[in-house]
Structures are given as C-alpha cells and as structure tokens.
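Colleague: All I have is the shape, not the residue letters:
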C-alpha cells in the first residue's frame, strides 16, 4: 500500500516536472488525476453541472498559468483545493443562487453506492445546498476530501476552532433541514 | 430522519466530470497559450515565484558572487566619495585664486584711476595758471 502511494507520488512528481518544461501531455495527466476532486468540490458547492464544469476548467486554466509556482504534488493538491474553494465563493456571490438539484442533472458517482439509501443521499445534497457558503465548503472539505480540521483551516484560511464550530453547526443544520423536508413530504402526501 | 457521517461521505462522493472534460480544458489551455504565451511555452521565464524557488536552492558560488559584487560596490562607492571630496577642494581653491586675481585687478584699476586723476588735476592747474592775466597773482600761485 505504501509502495503504491510512493509510486503514485513519484509518477505525479514526474508529470509535474514535465509539465513545468512545457509538456502538454504531462499537464493533461495532471488534469486527469485531479479533475474528479476539482469538479466535485465545485459541483457539490454549486449544485449545477455546467457551472461546476466551467469553474473546474477555469481552475485548471489558472493552474496552467501558475504551474511554475507549484513545488510538489502535495502542494498541487493543496493549491487546487484552495483555488477551487475561492472560486466557488466568488461564483456563489455572483449568482446568489441556492438552487436545488434536478435529478437528471446529477452526474454519476465515480464508484457505485454500496449501502446508502439513494433518497437519503439526494435529500442530503439538497440540504447541503441550503447551507451558507463557508459552512458548505467546510462540509465538502471534511466529507468529500476527508480533510481534518487543521487541513481545512489551511485551505480555507480560517482558524481551526472556527472550522470545528462551523462543522458542528453545519451537521446540526443539515439534520434540521432533513427533518423539515420529511415533514413537508408527509404533509404533501397525508 | 437520521444520517451518519458515512451517509454524508456517500452523498459527497467524488463525481466524474465526464469524458470530454480534459479535451475542453486542453482546448482552453491551448487558446490561452496562443493568446498570452503562458508559462508552459516559456518555462525559462523568470517570475518572482521561480526566483524564490531558485533562491531556496541557490548554489554556493551565488553567495561568493554576491559577496564580490557587494565588496566591489563598497570600494567603488568609497573611491567615488573620495574623488568627489578632492574635486570639491580643487574647485574651492580655484575659486579662491580667481577671487584674489579679481581683487588685485580691481586695486590696480583704482590705482590707475588715482594716477590719472592726479595728472588731470596737475594739467588743469597749469592751464588755469596760464590763463591768469595778473602777473603778480600768477607768481604767487606758482
């Protein structure tokens, strides 16, 4: 397992070095490696596939223009998360949208769901869309990217204690939002 | 309704942007490259970031070159300051000489005017004496 991770790191480092010398194929490899992460952060934040695609493309374009500042694969991942988060907030401010996701717009997950209730997952995503921007980003970084509070604090440039309290409040808000949705559904049917 | 953190992880699972995403990114990259000549086509371009990266791994001779340059600038600056000081003294000395010469010339001019005035007085007196009709008075004046 460690060997695989080391191999992966070496491969990315090589791709990064080659991209720095102007190798377009190496840059495409970097995009392929990180497209899922960047697109998913944008998609979970904006809940709009085309906006998320556009934002992700802009992030990679910015990466292309700033590639000489990237020092390592780890730095690349951190940089992409930070730039994507900042662009998400900018985009959210531009649009002022709290749009609910249409089912047909939903992209396919990268791996099939094993056990979760699809209706629950959909409602969770809808509730997430109602959270304020910073809370949404903290939840995405925690549960999509699996980052710890310190890493989230670094990416979003906020204090660790703020991350912890925001996470706590977000989970409470999500539970409240979910309960309210169930009541609305019950009221509609009965 | 309750949900677990695993449910949330499942709901926020990474999604695939689709087949054509890389092609779209590369098309935008190529368009940007042709418009702006960005970093990938000009890797030798030095930005502040690349300078900092170079500085972090600077070779040993860079410090020696920097020290030599600093020393050269220091010595050059000192010598220039000495030269300026010497020049100031020389110019002040020349000014002083010019002032003294001017004063001498002024004194000589004044003396020449004094001599001329004395001569003129003498000539005038003689002329007045010659014009005196009374012989007695003329002799007294002489």
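Modeller: Ah, there it is. From a predicted model like this one, the values you see are computed outputs, not experimental measurements. Numbers count the residues shown, from 1 in each chain, chains lettered A, B, ... in the order given.
Colleague: For the helix-or-strand element of chain B with minimal mean pLDDT, enumerate the helices and strands it packs against.
Modeller: Least confident helix or strand, chain B: helix B:48-56 with a mean of 73, by mean pLDDT, DSSP states H and E. With contacts taken as 3 or more Cβ pairs under 8 Å, 6 or more residues apart in numbering or on different chains; DSSP states H and E, helix B:48-56 sits against no other helix or strand. In short, each C-beta sits where N, CA and C put it, glycine included.
Colleague: C-terminal to it, what's the next element?
Modeller: Sequence order places helix B:60-131 as the next helix or strand after helix B:48-56, per DSSP states H and E.
Colleague: excluding its backbone neighbours, what's nearest the residue nearest the centre of chain A?
Modeller: When Cα atoms, centre = their mean is applied to chain A, the residue found nearest the centroid is residue A:41 (1.6 Å). Closest residue in space to residue A:41, ignoring its immediate chain neighbours: residue A:84 at 4.7 Å, by Cβ to Cβ, 6 or more residues apart in numbering or on different chains.
Colleague: Which strand or helix spans that neighbour?
Modeller: Going by DSSP H and E, residue A:84 is part of helix A:73-95.
Colleague: Against which helices or strands is that helix packed?
Modeller: helix A:2-20, helix A:24-46, helix A:49-65, helix A:133-143, helix A:149-156.
Colleague: Can I get those helices in CSV including mean pLDDT?
Modeller: Output for the helices and strands packed on helix A:73-95, formatted as CSV (pLDDT from 0 to 100):
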stretch, mean pLDDT
helix A:2-20, 81
helix A:24-46, 93
helix A:49-65, 93
helix A:133-143, 93
helix A:149-156, 94
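Colleague: export those to TSV and tack on distance to residue A:180?
Modeller: Shown next, in TSV, are those (distance: least, Cβ to Cβ, whole Å):
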stretch	distance to residue A:180
helix A:2-20	42
helix A:24-46	21
helix A:49-65	26
helix A:133-143	17
helix A:149-156	27
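Colleague: Out of the ones you listed, which gets nearest to residue B:133?
Modeller: helix A:49-65 (117.4 Å; Cβ to Cβ).
Colleague: what about the closest one, near chain B?
Modeller: Yes. Under the criterion of Cβ under 8 Å from any Cβ of the partner chain, chain B is reached by helix A:49-65 at A:52-53, A:56-57, A:60-61, A:64-65.
Colleague: Give the burial count for the nearest residue to residue A:26 once chain neighbours are set aside, as a bare number.
Modeller: Residue nearest to residue A:26 in three dimensions, not counting chain neighbours: residue A:18, with 3.5 Å by Cβ to Cβ, 6+ apart. Look at residue A:18: counted by other Cβ atoms under 10 Å in any protein chain shown, it has 16 neighbours.
Colleague: you'd agree residue A:18 is up against residue A:28?
Modeller: No. Counting by Cβ atoms under 8 Å, residue A:28 is not a contact partner of residue A:18; they are 10.7 Å apart.
Colleague: Residue B:138: what's it in contact with?
Modeller: Listed by Cβ atoms under 8 Å, 6 or more residues apart in numbering or on different chains, the contact partners of residue B:138 are B:129, B:132.
Colleague: Where does it fall, secondary structure wise?
Modeller: Applying DSSP H and E as the criterion places residue B:138 in helix B:135-141.
Colleague: If you count neighbours, what's buried in stretch A:75-92?
Modeller: A:76-81, A:83-85, A:87-89, A:91-92 (16 or more other Cβ atoms under 10 Å in any protein chain shown).
Colleague: quick one on the thing from earlier: with residue B:129 as the reference, name the closest of the helices and strands packed on helix A:73-95.
Modeller: Closest approach to residue B:129 among those (Cβ to Cβ): helix A:49-65, 110.1 Å.
Colleague: Would you mind getting the angle between the closest one and helix A:24-46?
Modeller: On the basis of axes from the mean of the first three to the mean of the last three Cα atoms, to 10 degrees, helix A:49-65 is oriented at 140 degrees to helix A:24-46.
Colleague: Does anything pack onto helix A:49-65? Which helices or strands?
Modeller: Using 3+ Cβ pairs under 8 Å, 6+ apart, helix A:49-65 sits against helix A:24-46, helix A:73-95, helix B:21-36.
Colleague: Look over the buried residues of stretch A:75-92 and name the one with the lowest pLDDT score.
Modeller: Lowest pLDDT within the buried residues of stretch A:75-92 is found at residue A:92 (79).
Colleague: In contact with the closest residue in space to it that isn't next to it in sequence, which residues?
Modeller: Excluding its sequence neighbours, the residue lying closest to residue A:92 (Cβ to Cβ, 6+ apart) is residue A:133, at 4.9 Å. Counting by Cβ under 8 Å, 6+ apart, residue A:133 makes contact with A:45, A:88-89, A:92-93.
Colleague: which two in the buried residues of stretch A:75-92 are spaced the farthest apart?
Modeller: Pairwise distances across those peak at 24.3 Å for A:76 and A:92 (criterion: Cβ to Cβ).
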